[in-house]
Structure formats: structure tokens, C-alpha cells
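Q: here is my input; please provide its structure:
(4 chains)
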There are 4 protein chains.
Amino acid sequence: MPKNPEAVYYSDYLKLDQLLDAQEPHSKRYGAEAHDEMLFIIVHQVYELWFKQVLHELRAIHQDFSKPLLDDKALYLVAHRLRRVLTIQDLMNDQVAVIETMTPQEFLEFRDYLVPASGFQSIQFKELEIRLGLTRHTRIAFDQQSFYNRLNDADRSYLENLEEQPTLFDRVDAWLARMPFLEFEDFKFWDMYQRAVNAALDHDEAIIRANAADDQQLQTELEGIQANRDNFSALFDQQRYQQLQEKGVVRLSQRAMLSALFITQYREEPAFHLAWQVITSLAEVDEKLTIWRYKHAMMVQRMLGTKIGTGGSSGHDYLRRTTEQNRVFKDFFAMSTYLLPKSALPELPGRVRKALGFSLEIGKSTG
Amino acid sequence: MPKNPEAVYYSDYLKLDQLLDAQEPHSKRYGAEAHDEMLFIIVHQVYELWFKQVLHELRAIHQDFSKPLLDDKALYLVAHRLRRVLTIQDLMNDQVAVIETMTPQEFLEFRDYLVPASGFQSIQFKELEIRLGLTRHTRIAFDQQSFYNRLNDADRSYLENLEEQPTLFDRVDAWLARMPFLEFEDFKFWDMYQRAVNAALDHDEAIIRANAADDQQLQTELEGIQANRDNFSALFDQQRYQQLQEKGVVRLSQRAMLSALFITQYREEPAFHLAWQVITSLAEVDEKLTIWRYKHAMMVQRMLGTKIGTGGSSGHDYLRRTTEQNRVFKDFFAMSTYLLPKSALPELPGRVRKALGFSLEIGKSTG
Amino acid sequence: MPKNPEAVYYSDYLKLDQLLDAQEPHSKRYGAEAHDEMLFIIVHQVYELWFKQVLHELRAIHQDFSKPLLDDKALYLVAHRLRRVLTIQDLMNDQVAVIETMTPQEFLEFRDYLVPASGFQSIQFKELEIRLGLTRHTRIAFDQQSFYNRLNDADRSYLENLEEQPTLFDRVDAWLARMPFLEFEDFKFWDMYQRAVNAALDHDEAIIRANAADDQQLQTELEGIQANRDNFSALFDQQRYQQLQEKGVVRLSQRAMLSALFITQYREEPAFHLAWQVITSLAEVDEKLTIWRYKHAMMVQRMLGTKIGTGGSSGHDYLRRTTEQNRVFKDFFAMSTYLLPKSALPELPGRVRKALGFSLEIGKSTG
Amino acid sequence: MPKNPEAVYYSDYLKLDQLLDAQEPHSKRYGAEAHDEMLFIIVHQVYELWFKQVLHELRAIHQDFSKPLLDDKALYLVAHRLRRVLTIQDLMNDQVAVIETMTPQEFLEFRDYLVPASGFQSIQFKELEIRLGLTRHTRIAFDQQSFYNRLNDADRSYLENLEEQPTLFDRVDAWLARMPFLEFEDFKFWDMYQRAVNAALDHDEAIIRANAADDQQLQTELEGIQANRDNFSALFDQQRYQQLQEKGVVRLSQRAMLSALFITQYREEPAFHLAWQVITSLAEVDEKLTIWRYKHAMMVQRMLGTKIGTGGSSGHDYLRRTTEQNRVFKDFFAMSTYLLPKSALPELPGRVRKALGFSLEIGKSTG
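A: The predicted model follows:
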């Protein structure tokens, strides 16, 4: 801490001269300023500031996940910062309501001046997606082509370079995969789990047969059960799991998937509290991003109809389709497919709990 | 006003004995009560109360739209009540976050007792959709069959009867279609508009040719322009409009569509303030309902994975698909396709404004 | 519209080089950067962007209210833009949750570097308050002294100059006061209203006497009624109204208050729809600003305890007190004191409605 | 799990016949039903359902805190359920916007029929406050008298009985007070902390002297510092602490306060994660309840002006005052008064950490 910190003036600290000088409505150049162009600019600038903040958090999180060992202190900060990202996302999603106070007619008053700029060209947003794990290998081709073509060289290189780096998804997968509790001496968690799973599916099938309202429904439900059996066997079998990966049904490595399942099922064990918190939050980041793309798509449709968007993309159908194919952590979302009710969940053997570092002392440490 | 209103006791007024006695977790019947079953019950009961309130508003709105003449006083109340519905919808959408505080494992603890009940079976929600305009003729067949089969006779008759009534969509279409300002003596709004439209599309095409980044994009954009020209010509031509209706591209009658467009374009005319307010709100009701179905679908996916939902429907894919096909007022949403910027919008002739009942006195009435 | 609009690049249009270069955490100068200082900076910069947007809207609204005649077209835009301000305020209020993801300990890591900067020094926020109507003559003195002392000369002059301009409150008061419908020939609205008011208060008193639970309550209630009678008589009597103004109980001029009441009571008259919308929105702007100050105060208390705030103000009590004394449009809030139920509200004579410019044609103009 | 669970019908499961039959607008008894009375009823019934849910969670939390030992598994559930309560509170706070869609005039149409019922008479809400820790000994007397007088015997006895039970505050205080880590052999945390505190206050004083803008400010700030020194010494000294309690400045027992401070300062220790989470959440419950009372007060003022509220309370001033005096966990809020920056915070000795049950194994248990 400094002996004599320089007296700080609010406007200087926040560089307001610079910040509040960055709004230049283009309609002014061609005649009278369209009143609503300021809103359009401010809304997008606010989004860009939030993107910067989210990237600030994601970079720190990514760094932590890149360490060979992620102890509880660091994991605590990761969980805390992910919560922050989620809070910001809630705000960004609600922010769509602000741009919706601009009617399509008001937008028409200046959108021609924006050709071909558009929200699709946000470098930071693209960086955010790439860093999470949405690289060109995992998104729709059309977007890539025309998006990258419209960038200047500096921006393009930056993103292309970023595409080649390990993403947060990669780091999280590696972190999950190296969890040391999957096998202990003669204990193999997955044998234990597989037995429990089979028992539970048999039970589900019995309920269906007893309660189906009609043959058509019975048929559909049984097909659902069979699909479940298939999914579970893929979970345990290396070759079949690889097939799921190739079909794009799952993305996590098999070991990572099994760890995630272990953590989720035993999340009440103190040693897993934070890990479960973290994977749940990552899935929520995905969810909220999806909501944002969906709301944004509806807003663009309302604003433009099927006219050409200012970014050169043809209308809104593109946006609508991408909300679905752009999940990064969808495997965490699908975790429920493999869950068992507590009554069917085996107790962890004492030695396993011990190896996890869970000790009775912890239970007694607070009141 | 009564001389001696009976003294009212809060708990009696709200019939709390009855209301707070309506929560019976079924897990209690089979052993220890699953703690989270209360949440599941309360959340759904709160939704049912909001559905009742929304239906209360929609019925009044429907009644107003069924009158032969809807004067400004009544239209004012309609706009006011639609705003109320939107406020409630915002709350219902945020309410999904409450059920998300229940983990899939906690849900597993009592979902087997719910077979086959599910959120899909809410009669009020179905009534809400039907009354808006989502009848069996305009939704996915599978939902109908098994949904209706699971109802008891009373509920089924009720809904089937409701399906045969004119919906709010029907009433709104009729109200728009009977707007008296489309033709005046020699004035035909649509001739005037059609000329303005053609000029604007020619202009758009010029911008595209000047700014396309590459041939692939140019090609796509020009196809978009051509599609626009087709849409516009369909708007004006009776036969082509009918084709759009048959293909399900539009739902409003042609006259209603033209009125809606007139109102939207000239919404700053005092005579149109409320009408524009109303059609915008109807489109927002649709939008928020869509967001609700989407959030609900994601929540169900997170809760159930691809397991069988408690309502017998196979998982979440069904829900995901229905978010798109269940728009009622999508035509208002697509209105922007036909808009013109103010600079291209013709002034209404004086006599037309006079016929609308707009008088200079109104302009002077307030300060 | 230009023949050849320059192709616009997103990052340039939003001046992102400038915008995203404006974040410099001071902790970096003295050692390792405190991770959360970025959040602190970004949150405040986002607020400053929203302040700029709100000021953009308020200036346009103020300009419209400064015109000698505010016709319905302009009033429509005023109502629309006030709605936009309210939407932004909702977002700003929710934004407090983002800064709350920073713990007091994390704030301690860099707050010493901020001395003496603070949120209290936001020039734009001060401008917002002044423009609404919160000048130094209507706020707590302490704030003025030390706040103005800490500004540099340019900022101080700017605000002091602004303090001398007519505020939005002034303009709204003038607009309300010049409403032409208070007297028509022999019709005096206030005579009519006063008679109706007396009848209603007599009725209220009867209900109280019949229903009071005990003497203490009866006493309190009757005092309330008497206070009401006093308020009402002050409303009608010029001298007594002046006393209320001097005591700071009311701020609007008497004519403006009477107009506001007229508009509120007869808001279902088409001629008053927008005017009522506008005064309700102004009261809501106040309400949401109050909620913001309250939430902000609680956040500061949580963050600082009773330690010295970074702006040199002693803690949070100051903030807590100011939430109450800094209402601008509180008279609209208190409007309900003077309302009458519809059953007690006299019908407007036909000639008055005619003078308002309300004609049957409007009623028939839409369906 | 049952062999043959009875098939469950949605409407029966949720007892919709009962639930949806509980809305009876009284205006119907006296003539035409006031359209908005349904909204008034539904909004209050929804609040009552949420109160029931919150009480369901609070009772479980209270039960857990009443156990002699609260291990990490139970603490985990407590933290989880408190988060749920907070989510519900956010929704309840946003719900005020729904009742605000009713104008004061619309309320006037039926409020006379409600005499003397009012929101003040919610038994569940009173129970919620009492259970948290707001008993008659800690709230404004006037409320008690007339509130209790208006209840029927059953309700009155119920609440009076509840007032005599240990509250959640009592249980939390006891839990904090019995934390075993305050003294270890020769280690006394508070000696260590006190030394660190004095050093930090000396530093603060130096900064103030160096940066005060004028004498008036300097004076005020130094008084603030002295008040801080006083607070701190009271924290460590038993007699002085008792004085603070008698003056109502603090409510927690001294041991509980010291534990809370220990937990807050060392919250990054894995053993304290949950405990810190819990006390932060309790403070937030308070905060959100305060926001609710504030919003509710403003809504009532807008609705009633200074007329008599339907519950017999004189207007809104009462509500405004109570928002401040009804904090239960305000000591957690004031925790920041006693915090030290990390640089000034002493490391815990190894043996202390060991006694907490924190072991290196935990750090290594996940990746």
C-alpha cells in the first residue's frame, strides 16, 4: 500500500472524457440526427463493456483450470467468479428490453447508415464464444465464412490465433478427467454404478407398463427406455462412447463424463461441493447464453422482419437455428439422463471417503 | 356502496383456510415426505393462480373485441389490461428460476409418485392457449391425442367446446378487418403504399450490390430481395395472399393485415395510438409465452435428461419443437417486413385525417 | 439518405478502441492488480453510459415541454421516451446485484487507491438530478458543500450554471398550469369537485366510526380524516395552498396541481390518455430513482460498514436519509389523497367534453 | 418406493378445485363485480403461497440449527435452502409491479368493501417475521396493539405462542457462539485480531489527514474514526459490548459476533465456506425483506395517498418507518466495520488450521 496515493478524481479514474466521447451517431453526418441512434450505440457499447468484464473473469478462470493442481482455495474463487458471470448474464439478458423500446420504424431511420455493421461482428463476443469452447470446428460454416471475411486483418488474425488455443472446455475436461477418485485399489466406481443403473431402469420399465394410457404411448415410452439403456451402456463402454462422440451426441471425454457424474451424484460430500457448484454454473452459463441468443433473435425478427439485417446475414432464421447448435457444456445439461434416486445410490465405502480427504474432523469443525 | 359493509377478516377474505390446505405432498403417503415436493406443488399452484388471473383479463379483452364497436374508452382498457398480462408474464418467466433451485436428484426423490401427472396437463394453460387462438387445428397432433386422452370427461368436454368458440385471434382479425379507413372516395391507401414500397425495394437492392463482401453473400442477399418483392406483391394481390395463408406463412385475413400495417405505419396519429399499442402488446404476449416455453423446456431437460417426463411425453424434444410452431400473432411480428422509413412514407391527405376524426382541437386540448 | 454510405465497420462505429481502452485499475500501479478492481470500474462506466442515455432522453423531453404548445404527436413521443427511461432504470436498479458479487474484503484490496473518488462525484448523475428538478435549493446542504468543493472548476461551473436553468419540473408545472380546461364559461371544475369531495369524506368518517377496533385507533383515524379535510381545503384555497408550499408539503403550483388532478380523475377521456401517462411515468421515474438510492445505500453499508466511504462522506447514514428528501415529483405520488371513487365522480358536461376536442368520430374511427 | 403408485391426475394432485374456488370478489355481493378485485385477491393469495413455501424452508433450517451438531452435510442443505428463499424473495419483490398495474381509481372501486382487512393482517407474514427473530420485543408497539386486537382468538394465541419460542436468530447466535476455534491452547484469535485492527485504524487516520478537502470534512471524518475505535474496543471488551447490546446497536452475543467475524475474514478456508455462505445469505434475506417493505410502502402511498389504509393503519408513514427498525440480522450487515484488508490479516497458525480439520488431502482431492 502506497504512502501517498495520488488523489483520485472520479471522472479521471473512469476516464470519462474518453468514454463519453465515444458516441457518434452517423445519421448526423447525413442530416438531422436520428434520435434513437444514440440508444443503439449506447446499448451495444454497454454490451461490449460487459463482454470485457466477462472475458476478464473467464481468463482468470481459464488460468486456474490450466494449473496442474486446482486446490479448494482456487476452486472457491472459480465458483465465485462463475457466479458473477451468471449475474452479469442475467443483466445482459434483461438488457434486450431496452433495445425493444426502439420501434422498427425508428430503426429504419438510421439503419441504412450502418451498412454493413451489425451485432454479428462483435469481436469480444466471438472471443467469448471461442474461449468457452465454440470454435469454428463446432459451429455453422456459413457464419464463419462471411463473418471472417468482413473482419480486418488484425481482428481476423487475433481470432484465428485464439481458435488454436486450448479452450475453457478443454481445460475443464482435463480437470475432470484427472480426478483421482474413480478407482481405488479394488474399488471401481463404475462397476458399482452400472449395477445400480440396471436395477433402476428395470424399475422404470415396470412403471411404464403399468401406467401407459394407450398402445401408441406405451410403444413410444418403451423406445425411450431402450434408448436409455443404450445411452448407459455407451457410458460404460469405451467403443460405444467413442461413437457417441463421433455423432456429436457427447463432447466430454469419457473419463470427464464419468467424473462429472460422480461429482453430481455425490455432491453432498464436502469434498465435492465446489466441484459440483462449478459444473452446474458452467451449464448455466450455456443456458443463459442460449436465452440471450434466442431473445436477441426474436428482437431482430421484430425489428427487421425478413429484411436484410445490417450485418449482411439473411434475416433471423439463421439466428434461430444457431441457438440450438451452439452449446458448449451440453453434456452437463444432459447429466440427468444418468442420475439415480438416492434410494438406489450406493454408499461410498469408508476407505474411498477417506481417500477423498473427507474426515470426521471437518464435520465437527463448525457447530 | 353499502351502508354497513360486513367487517372483513383478511384470512376469510382470501379464504386462506381453503388455499393453504391445498398442498398435499404425495411422498408423505409412502414414507418420509420429500422436502422439495412442497416446492413443486407451490410453484405449480402459483402458476395456476396466475393463469386464472390472465384468463380473467383475456376474457374481458375478448368480450370487448366481440362488440360491434370498440370505442376509445374500451380500447383504452384493453390496452391497459394487456399491459397487465405482460407484467404477469414477466413474473411467470422469472418464476422458472424458483423451480431451478431444485436439483434433479431432489426431484428424483418424489417424481415417481407423480406418474402420470405433469405440467402438460394444466387445463387453464391449455385454455389460455386456445382462447388466444391456438386450437387443435393449429398445433402439433401428438400433443392433442395423448393430452386429450389423459383428461377426464368433464375437462375434455370443456376444452373441446372451447375449441369451437371464436378465439381472441378471430375477434382481433375481425376488428382489424372492419377498420373504416382503408378506402375513401378515390383514395386507396394500398395503391399509394404499393408505389412507395417498390421505390424502397429498388433502393435496397442498390445498396446490396454496392456493398456485398463476396459473390456467395451477394447471391443470398439478392434472393432475399426477391423474396421481399414476392411477399409484397402477395400483400396486395388477393390470390397470392390466399396462397400464403394456405402455406401457413400468414394467418391474418388480408384486410386485417393491411389495417395492421396502416396502423403501424401511422401509429403517431392520435387516432391510432391505442390500436397500435394493442397490436404490439398482442405480439409481445406471444413473445413472452414463447420465452416461457423455451425456459420451461430447458428446465425440464436439465431436470429429466432424456428420461421419461412425468407426463408421459418422451423427454424434452417435443417441448423444444413446439416453441416455434405455436405462435398466434406471428403476423404482427413479421410486420417489419413491410415497413417503410419515414422519408419514404407518404403523408395522409387532409380529408383522410379528417375522416379519422382527428381534429386540430385535440392537438390544442392539452398545453 | 446518402447515395454511397461509407461501409461501416462495427468496431469503428462503436469506437471500441477508445471505449475498451478506458479501463485502468490503479492497483496495478502499486503492485499486483486487484482482480475485482476491473469490475468496480466497468460497473461504474456502464452506469455512466446509461446516465448519458437517460440525459439524452430527458433533454429531448425537456425541449418538448419547453414549447408553447405540446400537441399530441409530441406528447406521444414524450410518453414513449419516458417509458424508455423507466426501462433503463429497471436495469440500473438490477445492476446493483452485479457490484454485490464483490465482497467487502475484495473491495478492501483496492479502495485505498481510490481516495477520494466515489460514486458521489458522478457529474452526469448530478446533472440528471438537477435537470429533473433537484437543485441545491431542494437538497441537503452538506452534500452541496463538500461535493462542489471536490470538483474541478470546469465541472463546478457546468453544474452551477445548470442549477440556474429551468428544470423539467418547472416545465412540467408550467405545462400543467396552462391547461385550458379548468374553467369554461360558467363551469368551474373545482366547485364541482369540492362538493363531491366533501360528500366522500363524510362517508369515510361514517365507516370509521362504525368499524374502529378500539378508542386509540378511532382517535388516530379521526385525526387522519381531519388532516384530509385540511388537505382538501388547502387544495381549493389559495392562501392555504401557499402555506403548504412554504412548509414543503407540496411543490407544484396550485393550478398545476388542480390540472394534474383533473387529468388523473378523467384519464379515460381520450384527450387525457397521454397526459396521464406522462405524469404517471414522471412519478415512476422518481420512485425508481428512490429505489436505486436505497439499494445503493444498503450496498455501500454492506461494503463499508461504518468506515469512511471512498468519497469522503461519513458512511451510509447520509445516503439513507437522502432517499426520502430527494423526491421531485412527489406531488403526483400524493395524488391519491384527493381521488374520488367513480361513483362519486361527476360526469363532465357535454360542452366541456366538446371543448376538449373529444368528438364522437374518434370513438368510431377504429372498429 | 411403492409397487403400484396410484395414477395421479394433475388437477387432483394440485387440488385445483379447492385452489381455484378460493377467489370471491366482495364487490359482487354489492352489485357489479369490480374487475380489478380479482387481481387484488390473486396477488395476495400468491404472496400467501410463497409465504407458506418460505416458512417450509425456514422451519427445516431452524430445525437444523437446533441440533447440537450441525455437520457439513446439513450445513450444505441449509445454505442451499437459504439460496432458494432468496430466489423466492426476488420474485416476491418483483411481484409488486403486478399490483402496480392497478390504478388508485380502480382500487377505490372496491376498497370500501375490504374494511378492515389489509395486508397488515397476514398471519403467515407475521409468523415469518417472528420466526426470523422479529418478536414483539423488537418491533414498534403500535403495530402490536392494534394488529393483535384485530385477530381472532385462534390466530392470536398461535402467534403469541410462537413469540415465546426460540427464533432462528436465537439458534444462529447459539450456533455461532459454540464454534470451537476461538481459542486453542495459547492461541487467542482476538488478541491477534485486536493488534491488527489497531494498526489498520492508525493507517486510515493518516490517509484522512492527508486528503481531507476542508476542515468541516476533516472534523467529521475524524469523529468517524474515533467512533470506529470505540466500536472495536467494544468488540473486544465484555462490558462495553454489553452496553452496545443494551443500546440496541448490536444484537448478537459477543461470542457469536466474534465467530461471525472470524468466519467472514477467513471465509476462503474450506472449513468456513458454507458457514460464511450461510451468514451472508441470512443478511441478504434481511436486505430483500427490507426492499420488499420499502416497495410495498411506496405502492401503498401511491394507492392511498394519506387516506386511511384498508387495515386501519393511518396511511403510509408507519410502513416507511418500519422498514428501518425491523432488521434481524443487521449485525452481519455491519460486519464490514470490523474487516481488515488481506495485507493486514494475520495467517492462521498451522496447528489452528489443523484443528479446524482442514487437511492437505482436501486440497488434493479434486484436480
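Q: all the strands of chain A, residue numbers only.
A: Per DSSP state E, chain A carries strands over the ranges A:183-184, A:187-188.
Q: list the contacts for A:His26?
A: The contact partners of A:His26, by Cβ atoms under 8 Å, 6 or more residues apart in numbering or on different chains, come to A:37, A:110, A:113-114, C:5, C:8, C:13. C-beta: built from backbone N, CA, C; applies to glycine.
Q: from these, which has minimum pLDDT?
A: Within the contacts of A:His26, C:Pro5 has the lowest pLDDT, namely 52.
Q: which among the contacts of A:His26 gets closest to chain B?
A: Checking the contacts of A:His26 against chain B with Cβ to the nearest Cβ, the nearest one is C:Pro5 at 7.6 Å.
Q: so how far is B:Glu284 from the nearest residue to A:Pro270 once chain neighbours are set aside?
A: Spatially, and ignoring its direct neighbours in sequence, A:Pro270 is nearest to D:Asp72 (4.5 Å; Cβ to Cβ, 6 or more residues apart in numbering or on different chains). Using Cβ to Cβ, to the nearest Å, D:Asp72 is found at 47 Å from B:Glu284.
Q: neighbour count for these two, which is higher?
A: A direct count of neighbours by other Cβ atoms under 10 Å in any protein chain shown for D:Asp72 and B:Glu284 places D:Asp72 higher, at 25 against 21.
Q: so where's chain A uncertain?
A: A:1-7, A:115-120, A:138-146, A:306-325, A:354-367 (pLDDT under 70).
Q: show me what contacts the residue nearest to A:Leu304 when sequence neighbours are not counted?
A: Using Cβ to Cβ, 6+ apart and skipping the chain neighbours, the partner closest in space to A:Leu304 is B:Ser336 (5.6 Å). By Cβ under 8 Å, 6+ apart, the contact set of B:Ser336 is A:104, A:301-305, A:307.
Q: of the residues you listed, closest to C:Leu182?
A: Distance to C:Leu182 across these (Cβ to Cβ) is lowest for A:Pro104, with 39.8 Å.
Q: what count of nearby residues applies to that closest one?
A: Neighbours around A:Pro104, by other Cβ under 10 Å: 17.
Q: how many residues are close by the closest residue to A:Gln265 other than its chain neighbours?
A: Nearest residue to A:Gln265, sequence neighbours excluded (Cβ to Cβ, 6+ apart): A:Leu345, at 6.1 Å. Neighbourhood size, A:Leu345 [other Cβ under 10 Å]: 17.
Q: A:Gln239 now?
A: If we define neighbours as other Cβ under 10 Å, then A:Gln239 has 7 of them.
Q: how about the one 4 residues further on?
A: Burial of A:Gln243 is recorded as 12 neighbouring residues (other Cβ under 10 Å).
Q: can you check A:Asp17 too?
A: Using other Cβ under 10 Å, A:Asp17 has 10 other residues around it.
Q: and it, what does it touch?
A: With contacts defined as Cβ under 8 Å, 6+ apart, the neighbours of A:Asp17 are A:Ser11.
Q: the one 3 residues further on now?
A: Contacts for A:Leu20 were tallied using Cβ under 8 Å, 6+ apart; they are C:48-49, C:52, C:124.
Q: dihedrals phi and psi, it?
A: Backbone torsions for A:Leu20, taken as degrees, to the nearest 10, come to phi -90, psi 10.
Q: hmm, back to that, would you turn the contacts of A:Leu20 into a markdown table with neighbour count and distance to B:Trp276?
A: Supplementary listing: those in a markdown table, determined by neighbours: other Cβ atoms under 10 Å in any protein chain shown; distance: Cβ to Cβ, whole Å:
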| residue | neighbour count | distance to B:Trp276 |
| --- | --- | --- |
| C:Glu48 | 21 | 34 |
| C:Leu49 | 22 | 30 |
| C:Lys52 | 20 | 29 |
| C:Gln124 | 18 | 33 |
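Q: near chain A, from those?
A: When contact is defined as Cβ under 8 Å from any Cβ of the partner chain, the contacts of A:Leu20 meet chain A at C:48-49, C:52, C:124.
Q: A:Tyr113: neighbouring residues, count only.
A: Other residues within reach of A:Tyr113 by the criterion other Cβ under 10 Å amount to 22.
Q: do I have it right that it meets C:Val8?
A: Yes: taking contacts as Cβ atoms under 8 Å, A:Tyr113 lies within contact range of C:Val8: 7.1 Å.
Q: quick check: closest non-adjacent residue to A:Ala177.
A: That would be A:Arg255: by Cβ to Cβ, 6+ apart, it lies 4.1 Å from A:Ala177.
Q: any idea how many residues pack against that neighbour?
A: Other residues close to A:Arg255 by other Cβ under 10 Å number 16.
Q: can you pull the contacts of it?
A: Neighbouring residues of A:Arg255 by Cβ under 8 Å, 6+ apart: A:176-177, A:182.
Q: which of those tops the neighbour count?
A: Neighbour max across the contacts of A:Arg255 (other Cβ under 10 Å) = A:Leu176, 24 neighbours.
Q: isn't it up against A:Gln254?
A: No: using Cβ under 8 Å, A:Leu176 is not in contact with A:Gln254, being 10.6 Å away.
Q: in TSV, list the strands of chain A along with mean neighbour count and distance to chain D.
A: Below are these laid out as TSV (neighbours: other Cβ atoms under 10 Å in any protein chain shown; distance: least, Cβ to the nearest Cβ, whole Å):
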stretch	mean neighbour count	distance to chain D
strand A:183-184	14	12
strand A:187-188	14	15
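Q: could I get those strands as a markdown table with distance to C:Gln194?
A: Listed next are these as a markdown table, based on distance: least, Cβ to Cβ, whole Å:
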| stretch | distance to C:Gln194 |
| --- | --- |
| strand A:183-184 | 88 |
| strand A:187-188 | 88 |
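Q: of all those, which one comes closest to A:Ile263?
A: Nearest to A:Ile263, of all the strands of chain A, is strand A:183-184, at 15.5 Å by Cβ to Cβ.
Q: can you give the contact residues for stretch A:188-202?
A: Stretch A:188-202 is contacted from outside by A:181-183, A:225, A:228-229, A:232, A:236, A:258, A:261-262, A:265, A:338, A:340-341, A:344-346, using Cβ under 8 Å, 6+ apart.
Q: 7 Å instead?
A: By Cβ atoms under 7 Å, 6 or more residues apart in numbering or on different chains, the surrounding residues in contact with stretch A:188-202 are A:182, A:225, A:228-229, A:232, A:236, A:258, A:262, A:340, A:344-346.
Q: ditto for stretch A:165-172
A: A:58, A:61-62, A:65-66, A:130-133, A:135, A:282, A:328.
Q: between the residues you listed, which is nearest chain D?
A: Within these, the smallest distance to chain D is 8.8 Å, found for A:Phe65 (Cβ to the nearest Cβ).
Q: please name the residues that touch that closest one.
A: Neighbouring residues of A:Phe65 by Cβ under 7 Å, 6+ apart: A:168, A:171-172, A:175.
Q: let me know the closest of those to chain C.
A: Using Cβ to the nearest Cβ, the contacts of A:Phe65 come closest to chain C at A:Leu168, 17.2 Å.
Q: skipping adjacent residues, who's closest to that closest one in space?
A: Per Cβ to Cβ, 6+ apart, closest to A:Leu168 is A:His62, 5.1 Å.
Q: show me which residues of the stretch 101-250 of chain A sit near chain D.
A: A:175, A:178-179, A:210-211 (Cβ under 7 Å from any Cβ of the partner chain).
Q: hmm, which of the residues you listed are the buried ones?
A: Those of these that meet the buried threshold are A:175, A:178-179, A:211, by 16 or more other Cβ atoms under 10 Å in any protein chain shown.
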